[in-house]
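[1] no sequence on this one, just coordinates:
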């Protein structure tokens, strides 16, 4: 009877973990679809410039900042040619790749010869590793999503192929895994780390020689193709200082810890919490942390100690799995392969970016790296759950982990939403040719934005594919628009980056049916655009107008459905 009760509890815990897995996964996918900017942002402006101005083959094969992004560039070209650079192709493909990565890891757990609760616990850890909103820089930016989740998909596929021994197809599996690693290598710089991850998994299962030969040949081919003809672009940033780079690696690995507990470590973030005892407690802890260790984003200890503990546990688990030589431990090998991949990415980053980090120490834990460092803890967590003796404890561990990271979903999600606002405001201002010098541009460089505008306008790309943008400087057709009643209209002259007279405008339009409003002057000519401000309930619009006309002379229209 006691045994039946225990089994029922395990089933219930497994079901709860499965529900939590679905919630975490859906939250990540929702962020990708809702928050990702529908206009270029950051490096995308430069990438599109290359695709427009340079020969196709030259652009695709060239290295960008040391990265060989052949496959992502093909996707960007398709986005440019077939979808007017509206980011929809990259967003949808990024979602599919992230989901496919998770599906491979989830299937690994589902097939494991373990109790239901333990398998569900592993799936929850996998979902957290892939879809934690701390990965917002990859999840909510289509450009990053493509190269990041191409790499993770090929990595998960390759590890799945080599984790299980099969005398009849050993060489074939190894060859297929090598092809996946090669594809990952030419998806982004971090893809090269798939090779040491495969090496680790083959070693953990003591694979025979016939499994190593295709792998060795594939690695040699990858190095020749990756470095050949572009050595200056890919190696000039390399440096070697084991002690300093070791500390960088440990800090880099600890980055997820920083963002999960951000309000407790950064007084600036704590001050943004709602007033009350919670904010007071967080502020006190953050001040104490800063006094003891310095600014969280720049301090070495104790974050490096946290990373060191993770590395120690990783090698200990690898040793035990190798010693045990359990033929059925396929899932554990894949989990450790994921952690080994992320650890290798950190090593590559440390080798290639050490000089940059010396000048910008706060960038070691930049959000663009979280998609990789969080995978280290994901792999470690999956392996830990899979090796636990008690299924209930495994499910409990995974659920506690999900609860701990839940608050960070809020502030990291808000960070992603702010990135979209910055991208949208910059693109809208570029289309109108009015953009305040004080307006934050995030990672977008104004010089690249300004250079691309005529090229985009000529080809009707991105914001120039909107009907409203085409009306700027002329009268919108009366049959294509309808009037909008607005109130609380405020316009303020700005220091325009485009060196012409302009103003920012804010208005409230409860009857608006679209997210974009066209601003007309007294003669009925379109002189500006305003978009719905996501920071408000939905009625507030903010935008830019040419010149500085009196507010009372302005009128507002929206396109018809």
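    Good, I have the coordinates. Computed from a predicted structure; not experimentally measured. Residues are numbered from 1 along each chain as shown.

[2] avg pLDDT for the host helix or strand of residue 378?
    Per DSSP states H and E: residue 378 is located in helix 370-386. The average pLDDT for helix 370-386 rounds to 93.

[3] and stretch 150-158, by the same measure?
    Confidence for stretch 150-158, expressed as mean pLDDT, is 95.

[4] again, but for stretch 198-205
    Throughout stretch 198-205, pLDDT has a mean value of 89.

[5] got a list of contacts for it?
    Contact with stretch 198-205 is made by 158-159, 162-165, 174, 177-178, 181, 211-212, 215, 318, 321-322, 325, 327, 329, 333-334, 336-337, 340, as judged by Cβ atoms under 8 Å, 6 or more residues apart in numbering. (C-beta placed from N, C-alpha, C; glycine too.)

[6] residue 492 belongs to a strand?
    Yes - secondary structure of residue 492 (DSSP: H, G, I helix; E, B strand; the rest coil): part of a strand.

[7] enumerate every residue touching it.
    503, 504, 505.

[8] got a quick PyMOL command for the buried subset of the contacts of stretch 198-205?
    Selection of the buried residues among those in PyMOL, burial being defined by 16 or more other Cβ atoms under 10 Å:
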select buried, resi 158+159+162+163+164+165+174+177+178+181+211+212+215+318+321+329+333+334+336+337+340
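
[9] which of the contacts of stretch 198-205 fall within helices?
    158-159, 162, 174, 177-178, 181, 211-212, 215, 318, 321-322, 333-334, 336-337, 340 (DSSP state H).

[10] pull the contacting residues for residue 337.
    159, 163, 197, 198, 200, 201, 204, 379.

[11] if we use 6 Å, what do you get?
    Shown in contact with residue 337 (Cβ atoms under 6 Å, 6 or more residues apart in numbering): 159, 197, 200, 201.

[12] report how many residues lie close to the third one.
    Spelled out, it's residue 200. A count of neighbours around residue 200, defined by other Cβ atoms under 10 Å, yields 23.

[13] for it, what is the enclosing helix or strand?
    helix 194-204.

[14] got the angle between that helix and helix 370-386?
    10 degrees (axes from the mean of the first three to the mean of the last three Cα atoms, to 10 degrees).

[15] how far is stretch 154-168 from where the chain is centred?
    Put simply, stretch 154-168 sits 26 Å off its chain's centre (Cα atoms, centre = their mean, to the nearest Å).

[16] any idea how far residue 130 is from the residue nearest the centre of the chain?
    Centroid-nearest residue in the chain, with Cα atoms, centre = their mean: residue 138, separated by 1.0 Å. Residue 138 sits 10 Å away from residue 130, going by Cβ to Cβ, to the nearest Å.

[17] for stretch 92-107, buried residues please.
    With the criterion 16+ other Cβ under 10 Å, stretch 92-107 contains buried residues 92-95, 97-99, 101-106.

[18] let me redo that: stretch 409-419
    409, 411, 412, 413, 415, 416, 417, 418, 419.

[19] now the helices: where do they sit in the stretch 1-150 of the chain?
    Using DSSP state H, counting those that start in this stretch, the helices found in the stretch 1-150 of the chain span residues 2-35, 44-53, 56-61, 70-82, 88-111, 116-131, 136-139, 142-162.

[20] hmm, back to that, tabulate the buried residues of stretch 409-419 (TSV), appending secondary structure, pLDDT and distance to residue 345.
    Formatted as TSV, the buried residues of stretch 409-419 follow (DSSP: H, G, I helix; E, B strand; the rest coil; pLDDT from 0 to 100; distance: Cβ to Cβ, whole Å):
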residue	secondary structure	pLDDT	distance to residue 345
409	helix	89	24
411	helix	84	25
412	helix	87	20
413	helix	88	24
415	helix	88	22
416	helix	90	22
417	helix	90	27
418	helix	90	26
419	helix	91	22
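
[21] which one of the residues you listed is nearest residue 514?
    Residue 514 has its nearest neighbour among the buried residues of stretch 409-419 in residue 417, at 19.7 Å by Cβ to Cβ.

[22] ok, that closest one touching residue 36?
    No - contact between residue 417 and residue 36 fails when scored by Cβ atoms under 6 Å: they sit 10.4 Å apart.

[23] okay, and the common contacts of these two?
    Shared contacts of residue 417 and residue 36 (Cβ under 6 Å, 6+ apart): none.

[24] rewinding a little: a markdown table for the buried residues of stretch 409-419, including distance to residue 117?
    Putting the buried residues of stretch 409-419 into a markdown table (distance: Cβ to Cβ, whole Å) gives the following:
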| residue | distance to residue 117 |
| --- | --- |
| 409 | 24 |
| 411 | 31 |
| 412 | 28 |
| 413 | 29 |
| 415 | 34 |
| 416 | 32 |
| 417 | 35 |
| 418 | 38 |
| 419 | 38 |
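
[25] do you know how far residue 122 is from residue 146?
    Relative to residue 146, residue 122 is positioned 27 Å away (Cβ to Cβ).

[26] the two: which is more packed in?
    Between residue 122 and residue 146, counted using other Cβ under 10 Å, the more crowded position is residue 122 (31 against 27).

[27] got a list of what the nearest residue to that one once chain neighbours are set aside touches?
    Nearest residue to residue 122, sequence neighbours excluded (Cβ to Cβ, 6 or more residues apart in numbering): residue 109, at 3.8 Å. Contact partners of residue 109, counting by Cβ under 6 Å, 6+ apart, are 119, 122, 123.
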